[in-house]
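Participant: I would like the atomic coordinates for the input below:
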Amino acid sequence: LYDPDRLTKPMKGGEATTWESVNEFIGAHFAGLKQGRGNELAVLCADLPSPSLLALRDRFQATFAGSRWYTYESVSDDNQLAGLRAVFKDALKPGQAIRPQYRLHEADVVVSIDADFLGTEGDAVHDAALWAKKRRIKKPGDGMSRLYAVENYYSLTGTNADHRLRLSNAEVEQFTFALAGKLSEGGRVVLPADLAAAAKARGAGLTAKAQKFVDAVAADLLKGRDERGVARKPLLIAGRRQSAVVHALVAAMNKGLGAQGSTLYYFPQPNRQDDAGDMAGLKALTDELMAGKVKTLLILGSNPAHSAPADLKFAAAMKKAGTRIVLADQLDETAKLASWAIPRAHFLEAWGDRYFTDGTTSIQQPLIAPLHGAWSEIELCAHALGEAKPSGYDVVRGYWKQEHGAKGFHKAWRRWLHEGRMPKPFFGAFPAYKNVNQVGDLLAGEAPKAPTDKSFEIIFHADANLFDGRFANNSVPYPPVLLGNR
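Facilitator: Numbers count the residues shown, from 1 in each chain. As a prediction, the model looks like this:
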């Protein structure tokens, strides 16, 4: 919010300009695109779970017929998305995306497979709070959960694990297949036929130490009751760096162990409907730019010129669009390539809304007015659509008034603002995904090979302080984890 490097003025061609000029340009330019030129427009947006922005996205694509809207995050959950789509394909609607939510306060045995769920992945704050509940002993006789961690670097989750096994990234996948094979022995846990067959082949060859860990974890997961006779609930969590087939396999094991519907639920991701994934979408956009199909490129809250894979050459492709509009926090690598760089409002100075993994929704209320003048993603889209009242407050309030109905809306709105959350989830009731499918093409190709004394393995992971570099200016202490791999 107070970053001295924040973009404080709109820029045109690298030079400061006025907000009047921005308003005039956005209005005139997008009015022209409405005249049968929607196919010249592409939008690249950060992953923002906002009901109001989703509604604007739908209107955007209807108003600018032929336009494309891509979602991109450099720290991506593509593998999770692909794995869950494969293993639940018969239960999902075409193009539907789902995401897991963990009930760690219910889980007695938790197995983290390269998942830093207490630090940098998923709903980390929420998950850490629930996990802590199950670790707190209040009276004699209270049980405590047990955490196993298998990982390739020393994470916050590994730091807190009761039992930790360090493996290379390739060996983590091998471990997962070995665990699946052990659990499925004697039909104790039923897996899809192709995954069960692959478990025998891909799980072979672990070191004696790793195999001993597999045996102990499997025995603990299959132990139905503790020494007091109380039923025990298991949960396995796969990390974002693991392959799609690992995510599918972990989902199948959770289903077979009875975790689904107990310590694990799946919820739809409306903003990922029909989404091919972060990297596939970014590559498709880059190809369109290179081919000259995109005349106007609108980038909302993302810095792909910095974070995109180098072999895509996104920065070079971006220059091929005649009009490049970037909503940015700073004059970063992407904003410097823009025809128009527009200051992005910090979330503490903008109206908006957000939904959580389980659909719980909250109205985002600003604490202060924009310090330097700025637009949110919602406001820029509203200006482009030619809204008569494009302020974030008017757009968000208007969306929820339409959803609620005019009668009694004012009182309901005031109550939502006071309570900080909506009374009903945005998704409605969560669905039950009963069928576990074979995963087909996810098993194609060779399994990853573990490094030897003559090779090495490079792992990229999100930094707890810098994330993907976007928070480099933040002066935030590192978490208390020893550096290096232990």
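
Participant: The residue located most distally from the centre of the chain sits in which helix or strand?
Facilitator: With distances taken from the mean C-alpha point of the chain and given as CA atoms, centre = their mean, the most distant residue is residue 140, at 39.6 Å. In the assignment (DSSP states H and E), residue 140 maps to no helix and no strand.

Participant: ok, and the closest non-adjacent residue to residue 345?
Facilitator: Leaving aside its sequence neighbours, residue 345 sits nearest to residue 374 (CB to CB, 6 or more residues apart in numbering; 3.9 Å). All C-beta atoms are positioned from the backbone trio N, CA, C, and that covers glycine.

Participant: Same question for residue 275.
Facilitator: Going by CB to CB, 6+ apart, residue 275 has residue 71 as its nearest residue, at 5.8 Å.

Participant: Tell me where the stretch 101-250 of the chain has helices.
Facilitator: Assigned by DSSP state H, counting those that start in this stretch, the stretch 101-250 of the chain shows helices spanning 124-135, 156-160, 169-184, 193-202, 208-222, 244-257.

Participant: What would stretch 287-297 look like as PDB? C-alpha coordinates only.
Facilitator: The C-alpha trace of stretch 287-297 is given here as PDB (Å, rounded to 0.1, in the frame of the first residue of the first chain):
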ATOM      1  CA  ASP A 287       0.800 -17.900 -30.100                       C
ATOM      2  CA  GLU A 288      -2.100 -15.500 -31.000                       C
ATOM      3  CA  LEU A 289       0.100 -12.500 -30.400                       C
ATOM      4  CA  MET A 290       2.900 -13.900 -32.500                       C
ATOM      5  CA  ALA A 291       0.400 -14.600 -35.300                       C
ATOM      6  CA  GLY A 292      -0.900 -11.000 -35.200                       C
ATOM      7  CA  LYS A 293      -4.400 -12.000 -34.200                       C
ATOM      8  CA  VAL A 294      -4.500  -9.700 -31.100                       C
ATOM      9  CA  LYS A 295      -4.700  -6.000 -31.800                       C
ATOM     10  CA  THR A 296      -5.700  -5.000 -28.300                       C
ATOM     11  CA  LEU A 297      -4.200  -6.700 -25.200                       C
END
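
Participant: Please list all residues in contact with residue 372.
Facilitator: 6, 8, 9, 343 (CB atoms under 8 Å, 6 or more residues apart in numbering).

Participant: Specify the beta-bridge partners of the first one.
Facilitator: In this case it means residue 6. residue 330 (DSSP bridges).

Participant: The last one too?
Facilitator: When bridges are taken as DSSP bridges, the partners of residue 343 come out as residue 328.

Participant: That one and residue 376, how far apart?
Facilitator: Using CB to CB, to the nearest Å, residue 343 is found at 10 Å from residue 376.

Participant: Looking at those two, which has the bigger crowd around it?
Facilitator: Of the pair residue 343 and residue 376, residue 376 is the one with more neighbours under other CB atoms under 10 Å, namely 30 against 25.
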